[in-house]
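1. fold the following and give me the result.
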Amino acid sequence: MEETISLKEIFEVLKKRMWLILGLAAGAAVISALITIFLITPTYEASSQFIVNQSQSQNQNAAVDINEIRSNVELINTYNVVIKSPAILDEVADELGLSLTSDELAEKLEVSSAEQSQVVNVTVTDHSMQRATDIANTTVDVFKEQIPQLMNADNVKVLSAANVGTDSSPVSPSIALNLTIALVVGLMIGVGLSFLLEYLDNTVKTEEDIEDFLGMPVLGVVSTISDNDMAARGRTQKKHK
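-> Got it, this is the predicted structure:
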């Protein structure tokens, strides 16, 4: 015969093990906070932007060629690959004196652009805000200098350079996010452990447990009387006399 559990029994189990559940959730949150603050190295982010314009010779014309703009947009995909190539990143490492290979630098870079947009974002993540800023700006500068030789193009203009700024908060780790995840995981573990302990608990507590264990009906129950109950009953009997 399949056993069923009612909603009331679920709440009873949760109520019975409430301190266990809360304790595990609080413990997980504390451990998460300590790990986030003291063990995980913060990561910073810096971004620089450039725009792919018409070539300088074309800009001298009064009319704007829509095909030229479309061509520049299509070239952005090529530029995104060129930016992360050794031809650019090796020179960036040399200028900044970094002991990093082009592949290691490429892992720090993210090059993106909005759909049908001529604006390209170069974002760098690093454990140092100053170094992230330097890598972003130097990468764009080197790219701007080298692209005329690599692709015979002169249509790149820097829109905004990366800067440290007054608010240089790390982008990761997020203490709030980690605490939230730890609390949820702690609560889930606490609830699961509570039901596991309840399932493993085979002690007899109620009349229903006796009936289930023996397969026989309960004919009577002997109540437990405490000393306080006995004293109260004695006082009641004296009053009646």
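
2. in a strand, Val158, correct?
-> Yes - if the criterion is DSSP: H, G, I helix; E, B strand; the rest coil, then Val158 is within a strand.

3. list the beta-bridge partners for it.
-> Phe50 (DSSP bridges).

4. per-residue pLDDT, it?
-> As predicted, Val158 sits at a pLDDT of 85.

5. that one against Ser48, yeah?
-> Yes - counting by CB atoms under 8 Å, Val158 does reach Ser48; the two are 7.1 Å apart. Where you see a C-beta, it was placed from the backbone N, CA and C, and this is true even at glycine.

6. so what sits against both of those two?
-> Shared contacts of Val158 and Ser48 (CB atoms under 8 Å, 6 or more residues apart in numbering): Val140.

7. in the protein, what secondary structure element scores lowest on mean pLDDT?
-> Every helix and strand of the chain was ranked by mean pLDDT, DSSP states H and E. The lowest is helix 56-59, at a mean of 47.

8. how far away is Asp94 from Leu200?
-> From Asp94 over to Leu200 the distance is 65 Å, taken as CB to CB, to the nearest Å.

9. repeat that for Ser112.
-> 53 Å.

10. neighbour count: the two, which is higher?
-> Applying other CB atoms under 10 Å to Ser112 and Leu200 shows that Ser112 carries more neighbours, namely 13 against 7.

11. that's a helix at that one, yeah?
-> No - judged by three-state DSSP, Ser112 forms no part of a helix; its state is strand.

12. A strand includes Ala46, no?
-> Yes - counting by three-state DSSP, Ala46 is found in a strand.

13. beta-bridge partners for it, please?
-> Val124.

14. so it makes contact with Ala136?
-> Yes - Ala46 lies in contact with Ala136 (CB under 8 Å); the separation is 4.6 Å.

15. who touches both of the two?
-> Counting by CB under 8 Å, 6+ apart, the common neighbours of Ala46 and Ala136 are 123-124, 162.

16. how about CSV for the residues you listed, with distance to Leu187 added?
-> Below are those laid out as CSV (distance: CB to CB, whole Å):
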residue, distance to Leu187
Thr123, 35
Val124, 37
Ala162, 41
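
17. minimum pLDDT in the residues you listed, which residue is that?
-> For the shared contacts of Ala46 and Ala136, the weakest pLDDT value sits at Ala162, with 86.

18. on the three-state scheme, it is what?
-> Per three-state DSSP, Ala162 ends up coil.

19. spit out the contact partners of it.
-> For Ala162, the contacting residues are 46-48, 124, 132-133, 136-137, by CB under 8 Å, 6+ apart.

20. list just the nearest of those to Ser194.
-> Among the contacts of Ala162, Ala132 lies closest to Ser194 (CB to CB), at 45.7 Å.

21. that closest one: which element?
-> For Ala132, the host element (DSSP states H and E) is helix 129-151.

22. mind listing what's buried along that helix?
-> Buried residues in helix 129-151, counted by 16 or more other CB atoms under 10 Å: 129, 131-143, 146-147.

23. likewise for stretch 92-106?
-> Neighbour-count burial for stretch 92-106, counted by 16+ other CB under 10 Å, picks out 92-93, 98, 100, 102, 105-106.

24. domains of the chain?
-> In the domain annotation for the chain, the residue ranges read 7-36+174-240, 44-160 (automatic domain parsing).
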